[in-house]
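> got a structure for you, letters missing:
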């Protein structure tokens, strides 16, 4: 059986120009390196191959990690830094069908997860899990997104429908395509949605405040799947995602959760246990006074 091909994408512009969390640059760089090194190390320990799609800054930071391949495919990617997921979407262009993208804070810790990933062969798409009633998570952000979009549909993207009742989403902590048709629609549609939003002169300020990029990435994926009647495999169960993750040995330290001190210490111990040489190199850049929550 062929090895599962995983990949990370690291687009540096958001971290360099529009950091989402109010921590020092030294703190952010340490935490990002720590989780990325741990993610790569777990992937290799699980018998998967893993590549990196990044830019020149990302290559300088991460190409010493045990990736099977590092490409600077995202060099020159010039979207607004508040659309942080755009790097993930564009990176898909440079990976073959069947590759599975995992966030740099996702840990594939057991053969249970690897076994689940192998089910992907029989589906058009694999994602972490489905999320329902997505607009209710942040109604203000959703309303701002619709206002900036100029409505719930786009004339040149008939597959998109952001009206109430159509705003479920697929969580992209893990995402991979086996259908070229679906993949092309998703990437092209994301670009069209972004270009439509870009016609608003105040986009950056609103996007920074409301983090609307997540609708472009995750809600649009749900709509693209629906338009193509695609077969989807969700790694985790919808209503019990946390317990499902525990059961199969899967960890996703999403958003700000990785900046909690107890989480950082736990990840440090994980990395020490599976890759002590990498741990020693990572710990060299740990700030003396690590100010986190």
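Now that the structure is in, tell me what you want to look at. Since we're looking at a predicted model, the values are computed, not measured.

> what ranges do the strands span in the chain?
Here the chain has its strands, by DSSP state E, at 5-10, 49-54, 69-71, 100-102, 106-108, 125-131, 169-177, 232-234, 250-252.

> Deepest-packed of those, please.
strand 106-108 (a mean of 27; mean count of other C-beta atoms under 10 Å). Backbone N, C-alpha and C define where each C-beta goes, glycine included.

> Now that one: average pLDDT?
On average, the pLDDT along strand 106-108 is 94.

> by contact count, what packs against it?
Strand 106-108 sits against helix 25-45, strand 250-252, with contacts defined as 3 or more C-beta pairs under 8 Å, 6 or more residues apart in numbering; DSSP states H and E.

> which one of these has the lowest average pLDDT?
Here the lowest mean pLDDT among the helices and strands packed on strand 106-108 goes to strand 250-252, at a mean of 87.

> which secondary structure elements does that strand contact?
Applying 3+ C-beta pairs under 8 Å, 6+ apart, one finds that strand 250-252 makes contact with strand 106-108, helix 241-248.

> Name the strands paired with that strand and say parallel or antiparallel.
Strand 250-252 pairs in its sheet with strand 106-108 (antiparallel), by DSSP bridges.

> returning to what we had before: among the helices and strands packed on strand 250-252, where is the model least confident on average?
Among the helices and strands packed on strand 250-252, helix 241-248 scores lowest, at a mean of 59.

> Point out where this structure drops to low pLDDT.
Applying pLDDT under 70 to the chain flags residues 1, 18-22, 133-138, 164-167, 209-210, 238-248, 291-293.

> contacting residues for residue 44?
Applying C-beta atoms under 8 Å, 6 or more residues apart in numbering, one finds that residue 44 lies in contact with 50, 66.

> would you list the helices and strands packed on strand 106-108 in CSV and tack on distance to residue 77?
Converted to CSV, these look like this (distance: least, C-beta to C-beta, whole Å):
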stretch, distance to residue 77
helix 25-45, 18
strand 250-252, 24
